[in-house]
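> Make a model of this:
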Amino acid sequence: MSHSSERRAQVEPLAAIVAVFAVGAGLTIYAGVLDDELPGQDRQHVAGPTADRLTAAIQHGGVVEPGRLSRRSTAAPDGYTLNATVSTATSRWHAGPTPPARAQTAREQVSVRVAPGRVRPGRLTVRVWR
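Residues are numbered from 1 along each chain as shown. Sure thing, here's the model as predicted:
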């Protein structure tokens, strides 16, 4: 075996690191451009985080209290209008103006206090729009 065959297909560690970095950077840029160009993507997904903030504002001890729906304005992002509905199998509470058809919607399963000492499964529906 010749002396030169021992080094065949070997790369310096620094060159390998630079090559991996270049490939990673290229893939990141490609994915970012592709994501920006996909049709039908709403750039502002605010309904989900708004529902999380509202749930935290109207809960006490992990149970939603429908009487606290008046706190909905603290959960709405700046410049957005919010409509919130809490419903169980037998009752429904809502706060906020009627949402347009274009409003973003998020739903969460919650526990709802329907009376002192009575908790029922329910759903929180949040609609957000500009």
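
> drop to CA atoms for contacts and neighbour counts, all remaining ones
Fine.

> Please tell me how far A51 sits from T74.
Using CA to CA, to the nearest Å, we find A51 at a distance of 11 Å from T74.

> who's more crowded, the two?
Counted by other CA atoms under 10 Å, A51 and T74 do not tie: A51 has more neighbours, with 25 against 13.

> Touching, the more buried one and A106? I think so.
Yes: with contact defined as CA atoms under 8 Å, A51 reaches A106; the gap is 6.5 Å.

> Need the residues touching each of the two.
Common neighbours of A51 and A106, using CA atoms under 8 Å, 6 or more residues apart in numbering, are 125-126.

> Stretch 98-110: end-to-end distance?
End-to-end distance of stretch 98-110 (CA to CA): 22 Å.

> in that stretch, what counts as buried?
Residues of stretch 98-110 classed as buried by neighbour count (16 or more other CA atoms under 10 Å): 99, 103-107, 110.

> hmm, who's touching the lowest-mean-pLDDT helix or strand in the chain?
In the chain, no helix or strand scores lower on mean pLDDT, DSSP states H and E than helix 13-37, which sits at a mean of 81. Applying CA under 8 Å, 6+ apart, helix 13-37 has no contact partners.

> what's the distance between that helix and the middle of its chain?
From the chain centre to the centre of helix 13-37 is a distance of 27 Å (CA atoms, centre = their mean, to the nearest Å).

> swap in stretch 54-70?
Worked out by CA atoms, centre = their mean, stretch 54-70 lies 19 Å from the chain centre.

> Now it: buried residues?
The neighbour-count check on stretch 54-70 (16+ other CA under 10 Å) flags 54-55, 57-59, 63-66, 69 as buried.
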